[in-house]
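Predicted model, plus sequence, below.
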Amino acid sequence: MAYHPRENWDPRLRKRVYTRRDFLQRAALLGVALPALPSLLAACAERDAETGTELAIGSPSNPVQQPLFEDNPAIESGLPDEEGPLQLYNWADYINQDAVVAASAALGVEIEITTFFNEEEAIQKLSSGEVQFDVWFPTSQVVPKSVAGQLLQPLNLEYIPNLEQYVWPSLANPYYDQGSRYTVPYVLYSTGIAWRIDQVDSADIEGQPNAYEVFWNEKYAGITGLYDSYTDAVAMALFRNGIADPSVATEAEVTAAADSLIELVDLMNIRYTIDGAYVQIPEGRMGLHQAWSGDIINSQYYFPEDEDPTVIRYAWPARIEGTTVNGAISSDTMAIPFGAQRPVLAHKFLDFMLDEANALLNFEWLGYQPPQVGINADLLITDGWVPDFLEPGIVREEDFELDTAWVQGQLDLATETLWADQWNRVKSGG
Amino acid sequence: MPTNLQAGESDAVGQRRWVWPAFALPGVVWLMLLFLVPFYAIFAVAMGRTDPIFNRPVPEWNPIYWDPSSFSRVFRDLFGGQLGTIAVRTIIYVAVASLLCLLIGYPVAYFVSRRSGRWRGLWLLLILAPFWINYLMRMMAWINLLSPDAQVDQVFFLFGLDPPSWLAGHPFVVILGLVYGYIPFLILPLFGALDRIDERTLEAAKDLGASPVRTFWRVTLPLSKQGILAGVVIIMLPMFGDYYTPNLLSGSPRTVMMGNTIDQFINQTNSQGGTGAALTIILMMFVAVLMAYYLVTINRATKEARE
């Protein structure tokens, strides 16, 4: 068989030899063909979308009891302790090691901690059934889906007398889990605004009817940040735009909130961080940042030695006098995963952590406030746990009842998807 | 007709032919598994559905039920949406960073391979030293160096200059971070290529009257082309997927790269995990095109050298 020289066939190899021109021609053809692919691929889809599952999502005005399942009962009372080690599954740096050591001594077992980076990762691992932990620390926002997906086992409150003895009544029987069937509260936090008074004028925040406007104040361009978390950032933009309850915001309102956040890219050169409030503000890399109250109470320990921590301030817009906007407040919980190997020890660990003295020991290092009745604002200020200038970072039981408080719960799945879509638009710069 | 002895020799030759490939077999199987299984898993996630309780992606292992809507979404956004802007930005960042790596790395590799004399070992050691420290740690060190009033600012102050806010979301800081992080990976293959150039070839060029500059352009540079290509491909592949450099040194949506978007889809907005997996595969295909170009070029050069 003969080959024409222009065909670029190498008769010795009986193979086509590709030149650079061939390569570029094919790349160009691929580029032309790719835009047509979406319609071709969409035409291939054949299965109908699955229907969603009803989740027991409550609100303070509509408390819910989480369902029980026959094949997932609570443990019996009076069972003996299992052998250790007790396995905790927690966020990184979210428990005082001294409290862990004290719990280990009190329970007579070793305690091992495995950490997760975010709740998506934790839920994925727990639902795979490949990992088994005895205690998990979920936020209250994921309790309904964790119960529906049977990631948690019901609690036997006879093992946890400290819940009723020490915890705020409103959180001993919380709206998201009436009767504390699956969870006990761990810590609380509000989501507000942190700033350095040497970089930001406090008058632009305190006393303002819409304190969130400071994030759109060009004076602070280049030193402003928000949390790299879509629930926090989108909720803040919704508040700023005058929406009182983000969980029922319409698609148009969420889209407008995302547009407002996109505006910040050019206006403020906004940056999205996770450590902006407690690390970058103390180091002077940020002057203004969205902040969880626990982060900001802890931030005083992150200042360089020669820096003055009294320059930091915090405000929760929901509690600013004359405010026209709402603010988010929430709590994290402790729970026992389904299939935990040491459920009795796990119950006793939960009870240990709810003891007032142990909760205070944990707070001492963590900065996130526990909901024990005795650990009130007066104690935190007078005993020096929280400095005067960070007093707005203290969460009070009545804060959850404020008309301007949005008690952050789980979003329904359609809303969650809408927020996620819009957040991806925000993070891509519009 | 072969004798018995000849048949025995033939058998021995046949057995020997399989001995050396057999040594490679376990490694090849291992690498195939490490590629094929994760690839199929990512593809199954991209073609899967969303869990109705947890709102997170569920892989669809059975091809009969594959749903390509994630790919549709990504393609739509790549050609006319924000993903397209991010893709172009990523290509520009990677191209500029690779070019800078080459401009900085080539003279270094040339010096170490041909001019460093008895200090050659030390220079190589210094080039390799950054490998001993984790990439993430090196980037975090840069955060401290670039912080307001830190060491880099102090240098500017010495000359009476006003430094920019390095960490305030500037593209050039991200590009410099990429250059710093990946340049050793370019220098090493380049060093190897330059080191292999026969000194007599250069002497021949000089004997024929070529100036040092002409010798470099006509002899050294063409002979080091394979090293340049190998080095550039080696640094470009991880740069395309890099997400922690923009995260750590910027954090601004202005500097988001493809890796950040994939991270965003998969780790933050879990309901979009399928889209993240589809984007991962498309990025992989794009990078595979670069790799194919590299392999074709190498293959052709090898054949030319043999002839």
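Sure, I can see it.

just checking, B:Phe54 touches A:Val147?
No - under the criterion of C-beta atoms under 8 Å, B:Phe54 makes no contact with A:Val147, lying 11.7 Å away. Where you see a C-beta, it was placed from the backbone N, CA and C, and this is true even at glycine.

So between those two, which is more surrounded?
A direct count of neighbours by other C-beta atoms under 10 Å in any protein chain shown for B:Phe54 and A:Val147 places A:Val147 higher, at 27 against 23.

contacting residues for the more buried one?
Going by C-beta atoms under 8 Å, 6 or more residues apart in numbering or on different chains, A:Val147 touches A:56, A:66-67, A:177, A:181-182.

Among those, which lie within strands?
Among the contacts of A:Val147, no residue falls in strands (DSSP state E).

Would you tell me which one of the residues you listed comes nearest to A:Ala105?
Taking C-beta to C-beta as the measure, A:Ala105 lies nearest A:Tyr182 of those, at 27.7 Å.

What is the burial count for the closest one?
26.

shouldn't it be in contact with A:Gln66?
Yes - counting by C-beta under 8 Å, A:Tyr182 does reach A:Gln66; the two are 5.5 Å apart.

Name the residues contacting each of the two.
With C-beta under 8 Å, 6+ apart, A:Tyr182 and A:Gln66 have common neighbours A:143, A:147.

ok, and for stretch A:93-111, which residues are buried?
A:94-96, A:99-100, A:102-104, A:107, A:109, A:111 (16 or more other C-beta atoms under 10 Å in any protein chain shown).

Mind telling me the two of those residues farthest from one another?
A:Tyr94 and A:Val109 (20.4 Å).

Can you list the neighbours in contact with the longest helix along chain A?
Across chain A, the longest stretch assigned as helix under DSSP state H is helix A:251-268. The set of residues external to helix A:251-268 that reach it, using C-beta under 8 Å, 6+ apart, is A:215-216, A:218, A:220-222, A:224, A:226, A:233-234, A:237-238, A:240-241, A:243, A:249, A:270, A:415, A:418-419, A:422-423, A:425-426, A:429-430, B:252-254.

Heading C-terminal from that helix, find the next helix or strand.
The first helix or strand that comes after helix A:251-268 along the chain, using DSSP states H and E, is strand A:271-273.

show me where the chain has strands.
No chain specified, so I'll use chain A. Using DSSP E, strands in chain A cover A:9-10, A:15-16, A:86-91, A:111-116, A:135-136, A:183-196, A:224-227, A:271-273, A:288-292, A:312-315, A:327-335, A:405-407.

wait, chain B
B:49-50, B:57-58.

in its sheet, what does the last one sit against?
Yep, that's strand B:57-58 we're talking about. strand B:49-50 (antiparallel) (DSSP bridges).

Centre of the chain to the partner strand, how far?
32 Å (C-alpha atoms, centre = their mean, to the nearest Å).

can you give me the mean pLDDT across that strand?
Average pLDDT, strand B:49-50: 86.

Next: stretch B:220-237.
On average, stretch B:220-237 scores 91.

How about that stretch and chain A, any contact?
No - Stretch B:220-237 lies apart from chain A when judged by C-beta under 8 Å from any C-beta of the partner chain; the minimum separation is 12.3 Å.

what's the closest non-adjacent residue to residue 235?
Just going to use chain A. A:Pro246 (4.5 Å; C-beta to C-beta, 6 or more residues apart in numbering or on different chains).

ah, no, chain B please
Per C-beta to C-beta, 6+ apart, closest to B:Ile235 is B:Tyr182, 4.2 Å.

give the contact list for the one you found.
Per C-beta under 8 Å, 6+ apart, neighbours of B:Tyr182: B:97, B:101, B:235, B:238-239.

Can you list the residue ranges for helices in the chain?
Answering for chain A, as no chain was given. A:20-33, A:37-44, A:97-107, A:119-128, A:143-148, A:162-166, A:169-172, A:230-240, A:251-268, A:293-299, A:343-354, A:356-366, A:377-382, A:413-427.

should've been chain B
So, for chain B - with DSSP H - the helices run B:4-46, B:69-78, B:82-114, B:120-128, B:135-146, B:151-158, B:171-195, B:199-207, B:212-215, B:221-223, B:225-241, B:244-249, B:258-263, B:273-306.

between these, which one is nearest to A:Leu171?
Comparing these by their distance to A:Leu171 (C-beta to C-beta), the top pick is helix B:273-306, with 32.5 Å.

Could you list the low-pLDDT ranges of the stretch 1-150 of chain A?
A:1-53 (pLDDT under 70).

Show the buried residues in the contacts of A:Val147.
Judged by 16+ other C-beta under 10 Å, buried ones among the contacts of A:Val147: A:56, A:66-67, A:177, A:181-182.

Residue numbers of the stretch 151-300 of chain B in contact with chain A?
So far as C-beta under 8 Å from any C-beta goes, the stretch 151-300 of chain B lies against chain A at B:165, B:167-169, B:250-254, B:256, B:260-261, B:264-265, B:267-272, B:289, B:293, B:296, B:300.

Kindly give a single PyMOL line that selects the buried subset of those residues.
Restricted to buried positions by 16+ other C-beta under 10 Å, the PyMOL selection for these reads:
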select buried, chain B and resi 165+167+168+169+250+251+252+253+254+256+260+261+264+265+268+269+270+271+272+293+296
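
re earlier: nearest to B:Ala150, of the strands of chain B?
That would be strand B:57-58 among these, by C-beta to C-beta, at 41.3 Å.

Can you give the distance of that closest one from its chain's centre?
On C-alpha atoms, centre = their mean, the centre of strand B:57-58 falls 29 Å from that of its chain.

can you pull the buried residues of stretch A:356-368?
Quick answer for stretch A:356-368 (16+ other C-beta under 10 Å): A:356, A:358-363, A:366-368.

what's that stretch in contact with?
Against stretch A:356-368 from outside (C-beta under 8 Å, 6+ apart): A:94-99, A:102-103, A:166, A:187-189, A:278, A:292-295, A:297-299, A:301, A:332, A:352-353, A:369-370, A:372-375, A:385.

could you flag which of the residues you listed are buried?
A:94-96, A:99, A:102-103, A:166, A:187-189, A:278, A:292-295, A:297-299, A:332, A:352-353, A:369-370, A:372, A:375, A:385.

can you tell me if the helix-or-strand element of chain B with minimal mean pLDDT touches chain A.
Least confident helix or strand, chain B: helix B:4-46 with a mean of 80, by mean pLDDT, DSSP states H and E. No - on the criterion C-beta under 8 Å from any C-beta, helix B:4-46 is out of touch with chain A, staying 10.8 Å away.

For the residue nearest to B:Ile235, give its distance to B:Tyr106.
14 Å (C-beta to C-beta, to the nearest Å).

same question, A:Gly393
54 Å.
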